[in-house]
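Participant: what's the 3D shape of this:
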Amino acid sequence: MIDPSSYSAVLRRSFRRTFPPATRGEGVYLWDARDKRYLDFSGSAAVNFIGHGVVEIAAAMAAQAAQLEFVHSSQFTTPVAEEYALELLDFAGKNFQGGCVYFTCGGSESVETALKLARQYQVEIGQTGRYQVVSRGQSYHGSTLGASSVSGNKRRREMYRPMVREFAHVGFPYCYRCAFDCTDSCRACGQEYAAELEQAIEAAKGEVAAFIVEPVSGATLGAVVPPSGYLQKVAEICRRHGVLLIADEVMTGMGRTGRNFAVDHWDVAPDLLVTAKGLSSGYAPLGAVLVSKKVASAIADGSGAFLHGFTYNSHPISLAAGRAVLRFLQERKLVEAADSDRQGSTAATLGQALDGLHDAKPVGDVRGIGLLWAVEFVADKATKQPFASELNFAGRVAQAAVKRGLLVYPMQGCVDGVSGDHVLIAPPAVITSEQIDWAVMQLQEAIDEACAA
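Facilitator: Residues are numbered from 1 along each chain as shown. As a prediction, this is how the structure comes out:
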């Protein structure tokens, strides 16, 4: 029974929770209708990278809206689309020079687009039997049915499994809970997991079109950084078997990990790169697929048309937001601020502060890179036994943090899709060292409160 006093005409994510109305934002802070202030320690959902309330972004959107609000991409292109696409390709580096960009309204649309591009590419080059897309277990690539088919997030896909096409899901490096020998900083286990991809490709007997991977795991596993050599081996396997490599950088792209894109940490060159979230930093719905010259040329020189489209792809106002965000983060050197290898950077400060949480009784692991981190909770540190899923320990921590004016992103299922609790930390790059210290202190107190409950 719904409490009449909490009735909302909006179909919310949960009928069992009340959601305070957010009214404004500035920097790393959000305020609700009661004027309570929250420090956005998760960037909402690893979305906001440049901070809330940046007037330059709003001004760019308003200027575009005043000039031209919308045209359909089957009839026109726009100056903002052409100019922004060039700037984004330049930002992505030499691997995408001569390629192109397909703009969407978000991450799920972008993944859907990349899956179709991979299939059409194979058809264009005469590999018509290739249609399968291999992915990793415990991954998340979006909420559309196509994106769900390649996602390994059990909680989010289980109900819809009868509606999706099932392809192979392979193992993944997760050093805290590794199934292999990790005495060499997980390099050997990374090679073992890469070998699983090759086995899956060979088992499919020439039907694999692409492999999609999060270079650094997003919310489902919580900021798991791959061991050295893993992604390089994955890329080599894909090239050798004629399989396209799709990098899902919806969460990790646009500077979040301290590089323009996370693949840059390992000098990996994907055929398709999907990005969203930080692309517009949440100022407008926006996603993109960066397409390598190889893939673009196959379609351009073949049928000459990509058989796909959304009404609002390349929306001028969203593109104006994204273009302004790109300029803002470049001018203020926010990618450098997110570089945890850079001494004294914002990201280095964050990593050092979070490291202190290791001493907390239920904290099993603190992991991450740049401005993307996770704290995993366990019932027993010695055995790494997770909390029972019905306890929703991560949710308890998050609610205790909210009471203290701190926002983190709780998740469950990192161990096996059902059990395993962690919170994701992904603050805007404009956070100060004082704000980091305060946030970590509140998170520590929230963990203590959840333990006592």
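Participant: least confident secondary structure element in the chain?
Facilitator: Ranked by mean pLDDT, DSSP states H and E, the helix or strand of the chain with the weakest confidence is helix 154-157, at a mean of 75.
Participant: quick check: mean pLDDT of the next helix or strand after that helix?
Facilitator: Where DSSP states H and E defines the elements, the next helix or strand beyond helix 154-157 is strand 169-170. Strand 169-170 shows a mean pLDDT of 93 in the predicted model.
Participant: and what of stretch 109-119?
Facilitator: When pLDDT is averaged over stretch 109-119, the result is 97.
Participant: show residues contacting that stretch.
Facilitator: Contact partners of stretch 109-119, identified using C-beta atoms under 8 Å, 6 or more residues apart in numbering, comprise 102, 104, 130-131, 133, 141-142, 144, 146-147, 150, 209-210, 212, 244, 246, 248, 250, 271-272, 274-276, 287-289, 291, 295, 299, 306-308, 310, 313. Just so you know, the C-beta spots here come from the backbone N, C-alpha and C atoms, and that holds for glycine as well.
Participant: which SSE is residue 367 in?
Facilitator: Since the elements are taken from DSSP H and E, residue 367 ends up inside strand 363-369.
Participant: helix or strand: which one has the residue lying closest to residue 308 once chain neighbours are set aside?
Facilitator: Here the nearest residue to residue 308 in space, its sequence neighbours aside, is residue 116; by C-beta to C-beta, 6 or more residues apart in numbering that works out to 4.9 Å. Secondary structure from DSSP H and E places residue 116 in helix 107-124.
Participant: same for the following helix or strand past that helix, what does it pack against?
Facilitator: Downstream of helix 107-124, the next assigned helix or strand under DSSP H and E is strand 132-136. Helices and strands touching strand 132-136, as assessed by 3 or more C-beta pairs under 8 Å, 6 or more residues apart in numbering; DSSP states H and E, comprise strand 169-170, helix 187-203, strand 208-213.
Participant: quick one: strands adjacent to strand 132-136?
Facilitator: In the sheet containing strand 132-136, the strands it pairs with under DSSP bridges are strand 169-170 (parallel), strand 208-213 (parallel).
Participant: quick one: contacts of that strand?
Facilitator: The set of residues external to strand 132-136 that reach it, using C-beta under 8 Å, 6+ apart, is 115, 118, 141, 149-152, 167-172, 197, 200-201, 204, 207-214, 243, 246.
Participant: just the buried ones among those residues, please.
Facilitator: Neighbour-count burial (16 or more other C-beta atoms under 10 Å) applied to the contacts of strand 132-136 gives 115, 118, 141, 149-152, 167-172, 197, 200-201, 204, 208-214, 243, 246.
Participant: which positions in the helix or strand harbouring residue 25 come out as buried?
Facilitator: Element membership for residue 25 (DSSP H and E) is strand 22-26. By neighbour count, with 16+ other C-beta under 10 Å as the criterion, the buried positions of strand 22-26 are residue 25.
Participant: list the strands paired with that strand, with their directions.
Facilitator: Taking DSSP bridges as the criterion, strand 22-26 sits next to strand 29-32 (antiparallel) in its sheet.
Participant: what are the buried residues along the strand it pairs with?
Facilitator: Buried residues in strand 29-32 (16+ other C-beta under 10 Å): 29-31.
Participant: tell me the one among those nearest to residue 401.
Facilitator: residue 30 (13.4 Å; C-beta to C-beta).
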